[in-house]
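Enquirer: Sequence plus the predicted model coming up.
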Amino acid sequence: RRSKPHAVLSRLHGGKLPNSDRSAATAPARSFSHSEVTGREPPKLSLKYVVSILAYAIVPTLLRIAYAVATRQPIQEAPPPTMLQRLGLAAASAVPARSALPIPARWQILLATAWAGNMISVMVPGRYDGQRAMVQTAKPTVENANLFSPAGQAFIIWAPIFLGELLMMLSVTNLPAVAAIGEAVAPGWIAATLAQISWCGAFRPSVCGPRMLWVPTLLLAATGVFLGVSHRAIRAQGYGWFGNFFIRVPITLHFGWITAASLVNANNWLARRGTPLLVKQVGAYGSVLAAIAAAAYVSATTADPIFAGVVAWALHWVAVDGGRAARGLVDDRILDRIRLSARMGSAVAVMLALASAMGLVGAGAG
């Protein structure tokens with residue numbers, strides 16, 4: 001059986017599963033259904049899955065409160081005052097204060113709720129990247145050819161993102177040691193998660209037709225902006241090794257990937273609406289430049305190498321794909337030039353990541 005993270009991975013993002021990178025009825029070439037790719041039916045939302053997600057979000061906190069109640073000291077009454085205390089010649093006897101119960105703060109409740117909502121929403125069927133919508137029904141043409149899309153292997157990055165954000169949610173809602181940084185990142189992360197949930201709702205034929213796919217594209221862009229806010233809050237707050245591994249890493253991975261996914265979705269929209277080939281070429285080249293610019297900006301302002309590393313990963317898989325589904329529809333020379341630009345962009349992003357890791361760019365460089 002497939003693990004839950006893999007099941008969630010196969011449902012989320014950017015309009016494809018492995019080898020199924022053109023994902024709607026107007027896609028540029030025949031798309032592969034989930035069952036054709038994996039030999040299995042696509043994962044479906046089930047009561048068991050919903051209960052397990054809610055258990056992850058709620059049970060650890062309930063157990064922590066139950067333990068605090070079980071080990072809480074009984075209320076102690078103050079002893080009767082002595083004669084000297086009554087005359088004001090001695091201080092009153094101190095009574096140990098009863099420890100407070102670890103009731104979650106409002107931001108902790110909202111963060112756990114947003115996490116659970118996102119994990120459930122990505123499993124709701126009916127999106128463009130679902131099995132039914134992925135089966136090609138329209139004849140591929142130059143007009144609906146997609147020139148900028150990563151190979152399916154790129155989406156394995158969702159595995160560490162999902163696992164990391166699960167551990168982050170459990171940490172900031174249950175460990176006092178990371179409560180301060182958790183409270184700092186919560187507003188941006190919650191807003192980003194709500195935008196991503198909205199993307200899951202909008203990225204479906206029943207909600208947004210091919211010409212309206214700019215709406216989910218903007219929702220993904222908003223997700224990236226809010227994750228950027230959360231990412232900056234991490235740097236402003238400061239973090240130790242625990243906060244670095246369990247909070248900074250998953251948020252930065254998500255931030256970088258959503259930035260790239262927004263560009264992929266924008267190119268999907270251009271392809272689905274029958275945009276002229278020249279405009280789609282500009283969109284593909286512009287996406288490479290935008291990805292490099294984002295990596296350079298984040299590297300220069302935060303000195304975080306992870307973001308640029310994720311951009312390098314995304315552009316590498318765009319180059320590997322090389323406009324595969326558009327081959328035979330679009331001149332190979334056009335697709336090869338776009339592949340080369342993605343490959344060069346990936347190399348630039350790798351250099352930015354290395355320079356940030358070595359302290360050569362970013363705050364404190366030089």
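Expert: Received the coordinates, thanks.

Enquirer: From now on I want contacts and neighbour counts done on CA atoms only, so please keep to that.
Expert: Fine.

Enquirer: model confidence over the helix or strand containing Gly188, on average?
Expert: Using DSSP states H and E, Gly188 maps to helix 179-202. When pLDDT is averaged along helix 179-202, the result is 95.

Enquirer: what's that helix packed up against?
Expert: For helix 179-202, the elements it packs on are helix 106-121, helix 158-174, helix 214-237, judged by 3 or more Cα pairs under 8 Å, 6 or more residues apart in numbering; DSSP states H and E.

Enquirer: Counting neighbours, which bits of that helix end up buried?
Expert: Using 16 or more other Cα atoms under 10 Å as the test for burial, helix 179-202 gives 179, 181-202.

Enquirer: so how far is it off the chain centroid?
Expert: Taking Cα atoms, centre = their mean, to the nearest Å, one finds helix 179-202 lying 9 Å from the centre of the chain it belongs to.

Enquirer: can you dump the C-alpha coordinates of that helix into CSV?
Expert: Only the C-alpha atoms of helix 179-202 are listed here, as CSV (Å, rounded to 0.1, in the frame of the first residue of the first chain):
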residue,chain,number,x,y,z
ALA,A,179,6.6,28.8,21.2
ALA,A,180,8.1,32.2,20.5
ILE,A,181,9.3,31.4,17.0
GLY,A,182,6.0,29.6,16.4
GLU,A,183,4.0,32.6,17.3
ALA,A,184,6.2,34.8,15.0
VAL,A,185,5.7,32.6,11.9
ALA,A,186,2.1,31.7,12.5
PRO,A,187,0.3,34.7,10.9
GLY,A,188,2.1,34.4,7.6
TRP,A,189,2.0,30.6,7.5
ILE,A,190,-1.7,30.4,8.4
ALA,A,191,-2.5,33.0,5.7
ALA,A,192,-0.4,31.0,3.1
THR,A,193,-2.2,27.8,4.0
LEU,A,194,-5.6,29.4,3.6
ALA,A,195,-4.5,30.6,0.2
GLN,A,196,-3.4,27.1,-0.7
ILE,A,197,-6.7,25.7,0.4
SER,A,198,-8.4,28.2,-1.8
TRP,A,199,-6.2,27.1,-4.7
CYS,A,200,-7.4,23.5,-4.1
GLY,A,201,-11.0,24.8,-4.4
ALA,A,202,-10.4,26.9,-7.4
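
Enquirer: For this protein, name the helix or strand with the lowest mean pLDDT.
Expert: helix 34-38 (a mean of 35; mean pLDDT, DSSP states H and E).

Enquirer: Skip ahead from it and say which helix or strand is next.
Expert: helix 47-70.

Enquirer: tell me how far that next one is from the chain's mean position?
Expert: Distance, stretch centre to chain centre, for helix 47-70: 23 Å (Cα atoms, centre = their mean).

Enquirer: Just list what it packs against, helices and strands only.
Expert: helix 106-121, helix 158-174.

Enquirer: Give the ranges of residues in the stretch 251-366 of the chain that sit below the confidence cut-off.
Expert: Scanning the stretch 251-366 of the chain for pLDDT under 70 picks out the ranges 363-366.
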